[in-house]
Each structure stands twice: as structure tokens, then as C-alpha cells.
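Undergrad: Provided below for reference: sequence and predicted model.
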There are 2 protein chains.
Amino acid sequence: MTAQDSTQTPAAHSIRDGAFGHATGLSCRECGATQELGPHYVCSDCFGPLEISYDFPAVTREQIEAGPSNIWRYKALLPVPDDIETSPNLEPGFTRLLRADNLAAELGLTKLWVKDDSTNPTNSFKDRVVACALSAARELGSRVFACPSTGNLANAVAAAGARAGIKTVVFIPSNLETPKQVNSAVYTENLIAVDGNYDDVNKLASEIAGEQDGWAFVNVNVRPFYAEGSKTLGYEIAEQLGWRLPDQIVIPVASGSQLTKVHKAFRELVALGLVEDKPVKIYGAQATGCSPVSEAFRQGWDAIKPVRPDTIAKSLAIGNPADGIYVLDICRETGGAVADISDDEVRDAIVLLARTEGIFTETAGGTTVGVLKKLVETGVLDPELETVVINTGHGLKTLDAVTSLVGPAATIAPTYQAFVDADIV
Amino acid sequence: MTAQDSTQTPAAHSIRDGAFGHATGLSCRECGATQELGPHYVCSDCFGPLEISYDFPAVTREQIEAGPSNIWRYKALLPVPDDIETSPNLEPGFTRLLRADNLAAELGLTKLWVKDDSTNPTNSFKDRVVACALSAARELGSRVFACPSTGNLANAVAAAGARAGIKTVVFIPSNLETPKQVNSAVYTENLIAVDGNYDDVNKLASEIAGEQDGWAFVNVNVRPFYAEGSKTLGYEIAEQLGWRLPDQIVIPVASGSQLTKVHKAFRELVALGLVEDKPVKIYGAQATGCSPVSEAFRQGWDAIKPVRPDTIAKSLAIGNPADGIYVLDICRETGGAVADISDDEVRDAIVLLARTEGIFTETAGGTTVGVLKKLVETGVLDPELETVVINTGHGLKTLDAVTSLVGPAATIAPTYQAFVDADIV
């Protein structure tokens, strides 16, 4: 059996009614042209990025609150069928929104919340987007569920595919460290190492998506469905605040998609009458070693100048972010900003968050918390306003980042006298 | 400042009304003698273990369902004050109960659920018990929150203490691997390495608890409060099944406390009229390299013969389990069993759970799933009955266990032709 044979979409596959919920089509963010829902991600007219359009029904807070404790409580606002809970999935989301008084005091903020996505099923926000991509793959009759990735996305795709019983293939650079290979390989028989860097792996994925029928690459050909999953971060923050919006929010920027989707979620909630309208300043966070959006913001540019990433914040290391220009628009329009910090500041912020709030974040979350700190210190962000910061992933996946910073305070003999002599507390 | 100076309990500390909710006292599991609520853990008459007694109010399903999405929805049934949600804590619990049809099919079971505690704040069930211990420490006016541990408990104590703003001291054996030190040290300035093995560390902790006022060692002098946290696993399983009990459940056995508390939780729910009474068979799971309870069950003994642990399931490696005899009683009374499997079977079960359900468990969960498999294969467990298996922790903490088992299926050049030639799916 060749790869082609095994992956053909059955000619007979037809999309059922309601497969994508209240989604009505795909529209181009650049020229506005529309096309039918399907495994498409660029505009056939202008090659701009496609986004899901909806015709939302009336939705009440009570309907949402009566839903499950995961992202499907918002299913009416996602491109998924009404019976989505019945198909096996990882049930991500509805993660903790923690009031962070200790961190607030350290940073000089009045009221701060951490939205903690490190407790998702595979410990990052990627479980949200992958759950939406999985639904699209299923409804489109895809035979293979796939991604190129070096970390969080690979974990999420391999795990969600395993549970759904769909063939999963995950492509990684062959020089990825063994622990990171194990994190994904434990879930899938088909971890494929590619002799090349991440850009090479990504390019190969796009080629396969173009050549082969029946493959759903979550971040390539079903990307419009996938990206919508990030809206649930915005919905949850508003609901968990008691159905209201914060004054400002700090969000990490890799491709920039998450920031644009949280903004979209807030606007949708206002349009649906689920929260009161108010100004929300949106801030983007990058690591200096990969800060093309921050640089464009600082320079006043309307375009992103791609960079070659060199930072410990690997999950943010996208040198040519697809949604970078939309991030610039949103941060400028809302009165926010985009800023960046050094790798040392990222490390310090990981420890700061752990020691103040008991949350162990990965380098992306360190970047976000560290940028929040910098924004306060430089007077860019008003410390009196109610602030939310998003933690997108778990520190257990980037343990090396802090290994040099933390360790035992003392080593003692196993006797009570040794304990007393050490004068520990 | 000496250790003594800094840790004295203020003489003026008095315990407020309602500090321990509806708990009424401490009673001895052996002789039944009772004493007042406080930092006590052994009977002053017979040195038997103490357990919390309650005078429960009427509690309805609706009251519980209206509570938060964490263990405090069951606060009326725990030794915590009614305002527990307002004091900073990690908000653990209400983790996923996942229907596991793929794993059920692999094992030949009709209906199987996985209770997945790997998504707790620090990725193990320990967050539940530590949250209850933290409340007790706070109400007792403790100045230091502490534990001896090599893993999950250290993470949970250090993180919960950080968020609560209480001085936290965590004692570990000095030869613990660096990554495991980092997992706890990221949360606390006071990680203390002790030159000795875990037994030495544990003994030192008991000495400090005996000598110093104001120290709350979660698993020593506030253990009765701490252990009650495991009841929430039982409450959640029943609620998430739609307010009913399963036919049987498989639970890992380290000290044995968790198993006894899940059993207690089920009995409490029946007594409170929250679920219908029915027989529930309870099974205990151990790794062969530390299986004193399984051995006693097999031999028909009423006592536990301590062993020297030698297994990769480190979080279950308690050679002289305090609640072992109670586990024997419960498993025998309910028609269950205690069984054990080899380390290789533990490893295989970790991969089996990940590949079927997308859940990456640590060695303890591998032990539990592997024992379930063995119980079905040996005909000890009826595969037609509705079964729940508890996953207590996350595979990211015991990555080495499966490093030799999983990895890339292929390594290819970064070209489409190489992909086609590899004939991957």
C-alpha cells in the first residue's frame, strides 16, 4: 500500500448538515472574497488568509453555563457540530482564572488575574485549537490528522488523534532533544523525524497537504477551523470574570493568531449581548530573540520584517508571523502595545510566577509575565486597571530554562541537630 | 534569628469557630477514642491512626453543582471552613472523567472510565490533599508548611505554599535527580537536600514536627486533615457519572490512604442520600517491586509484611504502608482484590493508555492501568461491569520510564519524494 492509496479521501464523502455548526463560509481577511467551508486556508483570489464567518443564533449566559466544563460550552460560537461532545476528544478548556494578588503586589498592579492553560490535557493552549481542527478533520472525512511541530502542538495533535482513533502523523526536526520526542511519541506510532530545521519540516508539511488528499494538517489546510479554538480563551476569561471584560490583557505572540482570536472573542461577546461593551487594551508579548512584531510596533511600521529566531522561548519562535500585521492593528487600535524582553528576563519571570502564585509556566508564559513587568516598569501599562495575563503552557516541558536558577538552599545531614544548625527559617 | 524563634506558634492563636467546617473531632481507627481537632495524628491512648469525624448537615446535589469547578464544591464534606474559596489556594480538582472506549476495547471491558488527575495544578492528585492540609495549617496558625517527598507531594506543597504566602520548606534526599529538584525548587526558596535516603528524610520530618511548634508537615502532624482531600476523587467520580456509583474501581496503593478515602467518600454519599446504595468492588494496584499489600492479599494475611521498595513506580514505593491493613479489609469486604505487575508491564501500560486515550500517565498510573489489564486477563475482575480506573499523575514527571519504548518511526530527508518513499501510512 502506498501513501497515496491509504490516504485518499473516499470519493463518496459528503459533508453532513450542521457539520460546522453556525459557520457559514470562509472569508478572506484581505479582500473579503468568500468561499465554501472546506480544507482551504488561502483566498483563491488574492492568497490572503481565510477566516470562518458565522450566522450566530441567540445565545444566553444560562445556556453556556449549563454546558460542560470544557470548551464545548461555547460550541454555538465555534465551527463544530451540535453533537461535538459525543465524539471522543480531550475535552480541553475551562481552565483556572486565578486572582494573582501576590504577583500583582510584586509588580505594583492593583488587580491581576492569570488565565492558566498549563492544566489543559496536554498542558498547553494548543489542546483548544487542536480540538477544533479535529472536529473539522472528522467532518471533512480526513483520513490522517497531522502537524509539523517541535513541541506543544505535536503533543496536542498526537494525543487528540489517539483518543479520536484517527491515524496521526507528527513531523519534527530530527535533532529535537529526546525528552521532547518522547512527549509526542508516547501518543503516536507515527512520529516522523525530518533531517532539517523547523522551516524545512513546515515546508514539507505544506507540500504534503497540497499533494495528498485526506490529510488534515491542523495548522495548514484546516487552519481556519483550528485558529477559532483560541477564541475560547477570551470567552472563558469573560465568563470567569462574571460575564464582563477586563480593562487590559497581555497575550504572547508567536504567529499572532491567539491575540487576534481573543480580541475577536471579546467583540463577539459584545455583539451577542453577553457582556457589556467597554475599552479593552490588548498587549502582545515577545522574546527579544524573536520579536518582529514588537520591532514593527516600536518602529511604527505597518509590515513585519521577518527575523531568524534565537531565543529560549521556542514555542514563540516564529520569525515570520502570519498574523503579525493584525496584531499590530489590534494593539494600536485598542491603545495597547507590543513589547519584548531578554531570555534572562524570561527565566526570571518563570521563577517569579512560580514563587508568587504556584504556577510553573514554560518559556512562553515567562515571556508574557516578564513583558507585563516591563510594561509596568516603563509606564506603558496603567497599573490601576484590571489586568489579565495568559499562561499558555507548562514549565515541565521547558525545564532546562530554569535549571541554572533554582535548587536546594542547603544540604544537611539527616539529624535534628543538623536541621537546627542550618537555621533554615 | 534561630529556627525556634521564627517558627513559634503565637501563644495567642485561637482556633476560630467553623475553622474545620462540620468536622467534630479526631477519632482513633483502632480503639475509637476521640480527641479535639488539632495537629495530632496518633491516638493518645493506643497510638492508632486518627481520622476526622463529622456531623454533616443536609447537602443536596443542587448545592454541590452550584459550587466552583474544583474540590471546594464539596466543602461541606471536608474539614475546611465555609469561606475556604476566599483564601488563596491552587483550586485543584474537578478533573476530567473520560469515557475510555478505546482502552476498554483493548482490554475487553464493556464500559470503562478514566478519572484523570494528571491535569491538576501540579499534575497529580496530591493537590487535593495538600489543599486540605493547607487549610488546616492556616486555621491552626502554623507558620511553616512542609513535607518530606521525592516528587509529587513536594511539587504540590511548594506550589500551594507559594500561592498561599506561607513559608514553605520541602525536604528531599540529596541524591534526587536534578530535574526533580527543579520541579519543586522553582516554587520555593527552601528546598532542603538531606544526605540520606527517603526513610531518613521522613524520619527527620517527624522529629522536626515533634520538636518544633508552628510547623505543619502535611503528611505527618496534619495528616488526618490532609488525607480527607482524597475523598474528593470519590465524590467527583459519582457526580460525573450522573450521581451514581460505578460497579468497580481500580486505585493505586502507596500508603493505601487514597483507596480507603475513595471508599469512605462513596459510603458518605450513600449515607447523605446523594447516590443510591449499590455494591462497589474496590481493587488495589501495586508494582511488584513494592507490593506488600498485594502479597498480604494473595497470602490471606491480616498484617502487612514491610518490604524494601525496588520499582520504577517511585510514587507508590512505600514499603510499610500505613493504611495497608485497611486496604485489605475494604478490598476483601467489597469483593475486590489487590494485585501487582512488573516494571515492564508498568511501562507498557503507560504507552497503552497514551496510544488509546491520549492520556500520558506517570508510573503510578501505568501500574493502575496495567493491574486492570491483568485483573481482566486472570478473570479476577468481571469485564461486563462498569469500571473506573484512577490516573493519579502525569507522565512528564517520569519521562525516563518510557524513553526506551517510544521514538520516531522513521527519519527522512526534507523532501516530498522522501516522504512518499517512506510509505508512512
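TA: It's in.
Undergrad: point out where the stretch 51-200 of chain A drops to low pLDDT.
TA: Residues of the stretch 51-200 of chain A meeting the criterion pLDDT under 70: none.
Undergrad: buried stuff in the helix or strand where residue A:179 lies?
TA: For residue A:179, the host element (DSSP states H and E) is helix A:178-185. Applying a neighbour-count criterion of 16 or more other C-beta atoms under 10 Å in any protein chain shown, one finds A:179-185 buried in helix A:178-185. C-beta coordinates here come from the backbone N, C-alpha and C atoms, glycine included.
Undergrad: how about the residues of the stretch 151-300 of chain A by chain B?
TA: Proximity of the stretch 151-300 of chain A to chain B (C-beta under 8 Å from any C-beta of the partner chain) is limited to residues A:158-163, A:165, A:167, A:169, A:172, A:174, A:178-179, A:181-183, A:185-196, A:200-201, A:203-204, A:207-208, A:211.
Undergrad: just the buried residues from those, in ChimeraX please.
TA: Here is the ChimeraX command that selects the buried residues among those (16+ other C-beta under 10 Å):
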select /A:158,159,160,161,162,163,167,169,172,174,179,181,182,183,185,186,187,188,190,191,192,193,194,196,200,201,203,204,207,208
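Undergrad: chain center to the helix holding residue A:179: distance?
TA: 20 Å (C-alpha atoms, centre = their mean, to the nearest Å).
Undergrad: does anything pack onto it? Which helices or strands?
TA: Where contact means 3 or more C-beta pairs under 8 Å, 6 or more residues apart in numbering or on different chains; DSSP states H and E, helix A:178-185 is packed against helix A:152-164, strand A:167-173, strand A:191-194, helix B:400-403.
Undergrad: what segments of the stretch 151-300 of chain A are helices?
TA: A:152-164, A:178-185, A:198-211, A:223-228, A:231-240, A:257-271, A:292-299 (DSSP state H, counting those that start in this stretch).
Undergrad: quick revisit: pull the residues that contact the helix holding residue A:179.
TA: A:149-151, A:154-155, A:158, A:170, A:172, A:191, A:193, A:397, B:360, B:396, B:399, B:402-403, B:406-408 (C-beta atoms under 8 Å, 6 or more residues apart in numbering or on different chains).
Undergrad: give me the angle between that helix and helix B:178-185.
TA: If you take axes from the mean of the first three to the mean of the last three C-alpha atoms, to 10 degrees, helix A:178-185 sits at 80 degrees to helix B:178-185.
Undergrad: rewinding a little: for residue B:328, which of the helices and strands packed on helix A:178-185 is the nearest?
TA: Residue B:328 sits nearest to helix B:400-403 of all those, at 28.0 Å, using C-beta to C-beta.
Undergrad: and residue A:66, how many neighbours does it have?
TA: Look at residue A:66: counted by other C-beta atoms under 10 Å in any protein chain shown, it has 9 neighbours.
Undergrad: ok, back up a step: so for residue A:40, which of the helices of the stretch 151-300 of chain A sits nearest?
TA: helix A:223-228 (7.6 Å).
Undergrad: just checking, what packs against that closest one?
TA: strand A:50-54, helix A:126-139, helix A:257-271.
Undergrad: go again using 10 Å as the cut-off
TA: strand A:23-28, strand A:50-54, helix A:126-139, strand A:215-217, helix A:257-271 (3 or more C-beta pairs under 10 Å, 6 or more residues apart in numbering or on different chains; DSSP states H and E).
Undergrad: looking at these, spot the one closest to residue B:312.
TA: So among those, helix A:126-139 is nearest, using C-beta to C-beta, at 27.6 Å.
Undergrad: pull up the pairing partners for the following helix or strand past the closest one, direction included.
TA: Next in sequence after helix A:126-139, counting helices and strands by DSSP H and E, comes strand A:144-148. Using DSSP bridges, strand A:144-148 pairs in its sheet with strand A:167-173 (parallel), strand A:215-217 (parallel).
Undergrad: do a quick rundown of the strands in the stretch 1-150 of chain A.
TA: With strands called from DSSP state E, counting those that start in this stretch, the stretch 1-150 of chain A shows them at A:23-28, A:34-35, A:50-54, A:97-99, A:111-116, A:144-148.
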